[in-house]
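[1] Below are the sequence and a predicted model; questions follow.
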Amino acid sequence: MKTLLVIDVQNDFCPGGSLAVSEGDAIIPVINNMVAEFWANGDLVIYTKDYHPPDHHSFKTNHAEGVWPPHCVQGTDGVEFHHDLSVKGTIFFKGFLTDKDSYSGFGGHLELNQDSPSLESHLKSKGVAEVVVVGLALDYCVKATAIDAHKLGFKTSVVLAGTKAVNVNVGDDAKAITEMRDLGIEII
């Protein structure tokens, strides 16, 4: 079985959001077409959501080690999926504890506790052998998810038309692509 992993296509990562990816919403038609294709083939579609508490340790406003502005805060519009995204599948939550972060979707859980099924256990229970990764952002959460999927033994690919990079530093997108490709992840 094959799974489409749609990573963090949330309002705060789209234009106008607190940690917006330039043209992050431009990938939504590509993702929606892929969602329809996966559903038509009887494959799984899984979504991840950053789901941070207001005092999350990654926020530079809260902690000295924080590097990001507050984003995807529980109870805000920024945490919601972009209104144009076709959401037809299971949602996994990540980063919902104050002191734990996860760029990778594989740090996500089905419910808001770490004892609930993880993304890895869910995929393995469904007999998934292959994952295709899209979403935001290429150089952080998409890359981390693809690398973890590959390390866990899933045949892994990333569809570039279905992702955009933050590019905190110029060229972060190219570095992410090279890093994934060098590990054996297929870049489409």
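    That came in fine, so what should we check first?
[2] Could I get the contacting residues of the residue nearest to Glu186 when sequence neighbours are not counted?
    If the residues on either side of it in the chain are set aside, Glu186 comes closest to Ser157, at 3.9 Å by CB to CB, 6 or more residues apart in numbering. Where C-beta positions appear, they are placed from N, C-alpha and C, glycine not excepted. Counting by CB atoms under 8 Å, 6 or more residues apart in numbering, Ser157 touches Glu130, Val131, Val132, Val133, Ala146, Ile185, Glu186, Ile187, Ile188.
[3] Repeat the analysis, applying 10 Å as the threshold.
    By CB atoms under 10 Å, 6 or more residues apart in numbering, the contact set of Ser157 is 2, 130-134, 146, 149-150, 180, 185-188.
[4] Equivalent analysis for Ser22, please.
    Pro15, Ala137, Lys164, Ala165, Val166, Asn167.
[5] any idea which strand is longest in this structure?
    The residue-count maximum for a strand in the chain (DSSP state E) belongs to strand 155-164.
[6] which other helices and strands contact the helix or strand following that one?
    Following strand 155-164 in sequence order, the next helix or strand is helix 172-183 (DSSP states H and E). Applying 3 or more CB pairs under 10 Å, 6 or more residues apart in numbering; DSSP states H and E, we find helix 172-183 packed against helix 143-151, strand 155-164, strand 186-187.
[7] residue ranges for the helices of this structure, please.
    28-40, 119-125, 143-151, 172-183 (DSSP state H).
[8] circling back to that earlier point, just among the contacts of Ser22, which is most surrounded?
    Comparing the contacts of Ser22 on neighbour count, Ala137 comes out first with 26 neighbours (neighbours: other CB atoms under 10 Å).
[9] Could you find the closest non-adjacent residue to it?
    Val166 (4.4 Å).
[10] contacting residues for that neighbour?
    Residues in contact with Val166 (CB under 10 Å, 6+ apart) are 13, 19-22, 24, 68, 136-141, 172-173, 176.
[11] and with 7 Å instead?
    By CB atoms under 7 Å, 6 or more residues apart in numbering, the contact set of Val166 is Val21, Ala137, Asp139, Tyr140, Asp172.
[12] Out of the residues you listed, which comes closest to Leu85?
    Val21 (13.9 Å; CB to CB).
[13] Does the closest one touch Asp139 like I think?
    No. If you go by CB atoms under 7 Å, Val21 and Asp139 don't touch, sitting 9.4 Å apart.
[14] Good, we can wrap up now.
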